[in-house]
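Trainee: Task: produce atomic coordinates for the following.
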Amino acid sequence: MCMEAKNIRNYLQPGKRAHLVGIGGVSMASLAEVLHGAGVAVTGSDQRESATVLHLRKLGIEVVIGHLPESVQGADCVVRTAAVHDGNPEIAAALKGGIPVFERAQAWGAIMQGYKNALCISGTHGKTTTTSMCTHIFMAAQADPTVMIGGTLPLLEAGHRVGRGETIILESCEYCDSFLSFYPTVAVILNVEADHLDYFKDLADVEKSFRAFADKVPENGLIIANCEDENTMFTLRGEERDVMTFGVDKGDVHAENLSMDHGFGSFDVMCRGKKYAHLDLSVPGMHNVKNAIAAAAAAIGAGLADLLTAPMWVLPTLVIKAVLVLFFTSKSECILCPRNWAAVVAAGLFSPAAYALANCVMAGTMTAFLPQFLGTLAQGIGSGALFLVIAPALDGVKLKEHVGA
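Mentor: Numbers count the residues shown, from 1 in each chain. So this is what the prediction gives:
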């Protein structure tokens, strides 16, 4: 038996010790990293050694192989997955010793309350793919999200990511009503079907669970729903919260000019009459067209529409950067002279600062300025390193000529 979710935040505090049973799993490993980063003393156990276990140990997280009752001694709370039952030696020891036991979903629900944006992707099918697509979008927008996916994403080389931005993106599973422990600000419902009937009674029971999930969204939040899925729309009938619909042929967000080339979709994403983006998918199938449209709707709903339409900031940035370079250089100077180095450094610092400031102004908060600035600056370091390599070979070449090129 688990403690009430409302109490869990009292135990996931700096200085408290949380023991995670099955810490090597995808969602448990990411949970361990987030808690560790928040100052919680994290320990855990798993059935076998793995690359994930080794990674956690390198972070300073103690992991024991095997489920030993003594492993929970001294813990303030124990966190487990739905697959770990009361008969597990560690869980049995915790319950006997009066140590609070929580579900993994409860822990994630407590964590996401600390984020401004909690994007939760649900549905009978397509959750992992759509969550992965959302991750790509938010990473490209340099939103530095925290991510939990039920599979490995090549972009992350893992199924999770611990970011410092204001957004958390989670694949949200309905099995055992797990997603009812979440607190989404944006809830995506891809589709609703009669699945997991070892837990749910029937389709009506599944629909009831998804409706309860949608009702977790606050009044100022948003539900994103597949209007081409009859069960989804039936589930949301009478919903008073804001709903943004999506679909291939219809919806607030939908596709236009769709073509399929050897199974790969190419189309414009339209949002309420305006073109949001053009997509050329690298994954095949009409189902992935639907997933991509859902991911685009999620990005729009989470506020990335303004960030991704920020070209208005690009021209001033480039103009001021060019002025800095032109001011510090002259035709008679070579690339390695101090004044040219000053120009490169000044321009190199200005660009990420301007980008981060633009995003923060449009987002209405400055809290993400430093991580966005550092993230953009890191990308520029690669260019700087290349400059260091080629500069000696270019000695004597005018920097103005290269800027003009």
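Trainee: Phi and psi next, for Ile149.
Mentor: Ile149 adopts backbone torsions of phi -120, psi 150, taken as degrees, to the nearest 10.
Trainee: do Ile223 as well
Mentor: Here the main-chain torsion angles of Ile223 (degrees, to the nearest 10) amount to phi -110, psi 130.
Trainee: So what sits opposite it in the bridge?
Mentor: As for beta bridges, Ile223 partners with Ala187, Val243 under DSSP bridges.
Trainee: My understanding was that it contacts Arg211; is that so?
Mentor: No - with contacts counted by Cβ atoms under 8 Å, Ile223 stays clear of Arg211, the gap being 10.3 Å. No exception for glycine: its C-beta is placed from N, CA and C like everyone else's.
Trainee: what residues are shared contacts of the two?
Mentor: Between them, Ile223 and Arg211 share the neighbouring residues Leu236, Glu239, with contact defined by Cβ atoms under 8 Å, 6 or more residues apart in numbering.
Trainee: Quick one: the helices in this protein, in order.
Mentor: Using DSSP state H, the helices of the chain run over residues 26-37, 51-58, 89-96, 104-112, 127-140, 203-214, 230-235, 286-301, 304-308, 311-328, 338-363, 369-390, 399-404.
Trainee: residues contacting His262?
Mentor: When the contact criterion is Cβ under 8 Å, 6+ apart, the partners of His262 are Pro284.
Trainee: quick one on the thing from earlier: tell me which of Ile223 and Arg211 has more neighbours.
Mentor: A count of neighbours by other Cβ atoms under 10 Å puts Ile223 above the other of Ile223 and Arg211, at 23 against 17.
Trainee: And the pLDDT at His402?
Mentor: pLDDT for His402: 32.
Trainee: ugh, wrong one, I meant Asp177
Mentor: pLDDT, the model's per-residue confidence, is 93 for Asp177.
Trainee: Next, count neighbours for Ala83.
Mentor: 11.
Trainee: Against Ala212, how distant is the residue nearest to it when sequence neighbours are not counted?
Mentor: In this structure, Ala83 finds its nearest non-sequential neighbour in Gly22, 7.4 Å apart by Cβ to Cβ, 6 or more residues apart in numbering. In this structure, Gly22 and Ala212 are 26 Å apart, going by Cβ to Cβ, to the nearest Å.
Trainee: Equivalent analysis for Leu281, please.
Mentor: With the distance defined as Cβ to Cβ, Leu281 ends up 33 Å from Ala212.
Trainee: in the chain, what spans have low per-residue confidence?
Mentor: 1-6, 305-369, 371-373, 375-405 (pLDDT under 70).
Trainee: tell me the domain boundaries of it?
Mentor: Listed by automatic domain parsing, the domain ranges of the chain are 5-108, 115-308, 311-404.
Trainee: what about Glu70, how many neighbours?
Mentor: Using other Cβ under 10 Å, Glu70 has 10 neighbouring residues.
Trainee: contacting residues for it?
Mentor: Under the criterion of Cβ under 8 Å, 6+ apart, the contact list for Glu70 reads Ala93.
Trainee: and what of the one 5 residues further on?
Mentor: Applying Cβ under 8 Å, 6+ apart, we find Ala75 in contact with Arg17, Ala18, His19, Thr43, Ala94, Ile99.
Trainee: Try it again at 6 Å.
Mentor: Contacts for Ala75 were tallied using Cβ atoms under 6 Å, 6 or more residues apart in numbering; they are Arg17, His19, Ile99.
Trainee: does the first one have beta-bridge partners, and which?
Mentor: On the basis of DSSP bridges, Arg17 takes part in beta bridges with Ala41.
Trainee: That one and Ala41 touch, don't they?
Mentor: Yes - counting by Cβ atoms under 6 Å, Arg17 sits close enough to Ala41 to count as a contact (4.2 Å).
Trainee: Pick out whichever of the two has more residues nearby.
Mentor: In this view Arg17 and Ala41 are compared by other Cβ under 10 Å, and Ala41 has more residues nearby, 18 against 15.
Trainee: That one and Ala141: what is the separation?
Mentor: Distance of Ala41 to Ala141, given as Cβ to Cβ: 34 Å.
Trainee: follow-up on the earlier one: looking at Gly22 and Ala212, which has the bigger crowd around it?
Mentor: The neighbour comparison of Gly22 against Ala212 (other Cβ under 10 Å) goes to Gly22, with 21 against 14.
Trainee: I'd say the more buried one and Val79 touch.
Mentor: No - counting by Cβ under 6 Å, Val79 is not a contact partner of Gly22; they are 9.1 Å apart.
Trainee: State which strand of the chain is the longest.
Mentor: Ranked by number of residues, the top strand in the chain under DSSP state E is strand 274-284.
Trainee: got the contact list for Ala93?
Mentor: Pro69, Val72.
Trainee: same question but for Phe234, I mixed them up
Mentor: Counting by Cβ under 6 Å, 6+ apart, Phe234 touches no other residue.
Trainee: Let's see that with 8 Å instead.
Mentor: With contact set as Cβ under 8 Å, 6+ apart, Phe234 has these partners: Glu207.
Trainee: Report how many residues lie close to Val162.
Mentor: 19.
Trainee: Likewise for Ser45?
Mentor: Ser45: 24 neighbours (other Cβ under 10 Å).
Trainee: what's the spacing between the spatially closest residue to it that is not a sequence neighbour and Thr43?
Mentor: Spatially, and ignoring its direct neighbours in sequence, Ser45 is nearest to Val64 (4.7 Å; Cβ to Cβ, 6+ apart). Val64 sits at a distance of 8 Å from Thr43 (criterion: Cβ to Cβ).
Trainee: and for those two, which residues touch both?
Mentor: Common neighbours of Val64 and Thr43 (Cβ under 8 Å, 6+ apart) are Ser71.
Trainee: The two - which one has more neighbours?
Mentor: Taking Val64 and Thr43 together and counting by other Cβ under 10 Å, Thr43 has the greater number of neighbours (20 against 16).
Trainee: Please tell me I have it right and that one contacts Leu20.
Mentor: Yes - under the criterion of Cβ under 8 Å, Thr43 is in contact with Leu20, at a separation of 7.4 Å.
Trainee: Can you name the residues that contact the nearest residue to Asn88 once chain neighbours are set aside?
Mentor: The shortest distance from Asn88 to any residue that is not its chain neighbour, by Cβ to Cβ, 6+ apart, is 5.7 Å, and that residue is His67. Taking Cβ under 8 Å, 6+ apart, we find His67 in contact with Val21, Ser45, Gln47, Asn88, Pro89, Glu90.
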